[in-house]
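**Q** dropping a prediction and its sequence here:
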Amino acid sequence: MRLSLIPAMIFLMPLAEIAGFVIVGKAIGLWATLGLVVLSALLGAALLRIQGVGILRRISKESENGGIPGRELVHGAMIVVAAFLLLLPGFLSDILGLLLFIPGVRDLAWKFLSRRIVILGSSPAFNRSGNRPHASTTPQKTGPVVDLDDGDFSRETDRKSPWSDRKRLED
């Protein structure tokens, strides 16, 4: 999709939603149309809750296994967008929202988006080998350790320092 078409779509979407309201309102009546709009908002909230928890579990499981949960993160974002579309009044946005709740449609969108998204993992939990380093099994490389006794270290305040409290108290 060309980026120059996005402003036109944003402008035309409310007009298409209004046309959808008129067509559906003529076919089933005013109160049934309003009932469908309220029902779709409730359905969006319920589906977000149900599928959102499942996505969070899959993200957690993928992270625990040492993988990069890019696909699951994008699926979670699509579910949030789908719920938002269902909460908006309008039948075209509801159709788009319901389509995004279908896992096959999300997989198609992921195939399209995966070529354009780069996920960088710098955390040791996101290594490609699938082996997660554990603190008890993997020794940590640290710098030299200096062990000081009480007599080896003393902290004297510099009276000339602007942050020294003694200087202000004595002046």
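**A** In hand now; what should we look at?
**Q** give me the neighbour count for the nearest residue to residue 91 once chain neighbours are set aside.
**A** Leaving aside its sequence neighbours, residue 91 sits nearest to residue 20 (C-beta to C-beta, 6 or more residues apart in numbering; 4.2 Å). Backbone N, C-alpha and C define where each C-beta goes, glycine included. Neighbourhood size, residue 20 [other C-beta atoms under 10 Å]: 17.
**Q** just the pLDDT at residue 20, thanks.
**A** pLDDT, residue 20: 91.
**Q** just say helix, strand or coil for it.
**A** Secondary structure assignment for residue 20 (DSSP: H, G, I helix; E, B strand; the rest coil): helix.
**Q** residues in contact with it?
**A** 90-92 (C-beta atoms under 8 Å, 6 or more residues apart in numbering).
**Q** what do you get if the cut-off is 10 Å, keeping everything else the same?
**A** Each residue near residue 20 by C-beta atoms under 10 Å, 6 or more residues apart in numbering is listed here: 33, 90-95.
**Q** do residue 95 as well
**A** By C-beta under 10 Å, 6+ apart, the residues touching residue 95 are 20, 40, 85-86.
**Q** quick check, residue 55 in contact with residue 69.
**A** Yes - contact criterion C-beta atoms under 10 Å: residue 55 and residue 69 qualify, at 9.5 Å.
**Q** now for these two: what residues contact both?
**A** Shared contacts of residue 55 and residue 69 (C-beta under 10 Å, 6+ apart): 75-76.
**Q** now stretch 88-97, how far from the chain's geometric center?
**A** Offset of stretch 88-97 from its chain centre (C-alpha atoms, centre = their mean, to the nearest Å): 22 Å.
**Q** ugh, typo on my part, it should be stretch 33-49
**A** With C-alpha atoms, centre = their mean, you get 22 Å for stretch 33-49.
**Q** stretch 84-101 now?
**A** Between the mean C-alpha location of stretch 84-101 and the chain-wide mean there is a distance of 19 Å, by C-alpha atoms, centre = their mean.
**Q** which parts of it are buried?
**A** Buried residues in stretch 84-101, counted by 16 or more other C-beta atoms under 10 Å: 85-88, 90-91, 93-94, 96-101.
**Q** ranking helices and strands of the chain by mean pLDDT, which lands last?
**A** Least confident helix or strand, the chain: helix 165-170 with a mean of 53, by mean pLDDT, DSSP states H and E.
**Q** please name the residues that touch residue 148.
**A** Taking C-beta under 10 Å, 6+ apart, one finds nothing in contact with residue 148.
**Q** for residue 103, same thing?
**A** 51, 75, 78-79, 110.
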